[in-house]
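In: coordinates only, sequence not included:
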């Protein structure tokens, strides 16, 4: 099976560790970044098959990082995580 590298950008350490462990238990390789700038740098330096982004990130927020990634690669799947719960937040 081809190794699948996933970039997880989450600033809450405990949440990041739980997500990383669960994803890796299913056979995937996960790299962590704890702010938007670190996420951007890791994304540009490696070949990821999926990016998981928190929306509320320090340095560069998840929406901006998503746009940066999309400008670089329109095909890569991106999952957005959020604790925001209004309909407007989800639509954005």
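Out: Alright, I've got the coordinates. Just so we're clear, the structure is a prediction, and the values are computed from it rather than from any experiment.
In: alpha carbons only for contacts and neighbour counts from here, please
Out: Noted.
In: show me the helices in the protein, by range?
Out: 13-24, 36-45, 62-72, 87-91 (DSSP state H).
In: what helices or strands is the first one leaning on?
Out: In other words, helix 13-24. strand 5-9, strand 29-33 (3 or more CA pairs under 8 Å, 6 or more residues apart in numbering; DSSP states H and E).
In: would you tell me which of the ones you listed gets closest to residue 80?
Out: Minimum separation from residue 80 across the helices and strands packed on helix 13-24 (CA to CA) falls at strand 5-9, 9.7 Å.
In: average pLDDT for that closest one?
Out: Mean pLDDT, strand 5-9: 97.
In: any idea how far residue 54 is from residue 34?
Out: For residue 54, the distance to residue 34 equals 10 Å [CA to CA, to the nearest Å].
In: pull up the overlap in contacts between those two.
Out: 9-11 (CA atoms under 8 Å, 6 or more residues apart in numbering).
In: hmm, residue 8 is touching residue 48, no?
Out: No: counting by CA atoms under 8 Å, residue 8 sits too far from residue 48 to count as a contact (10.1 Å).
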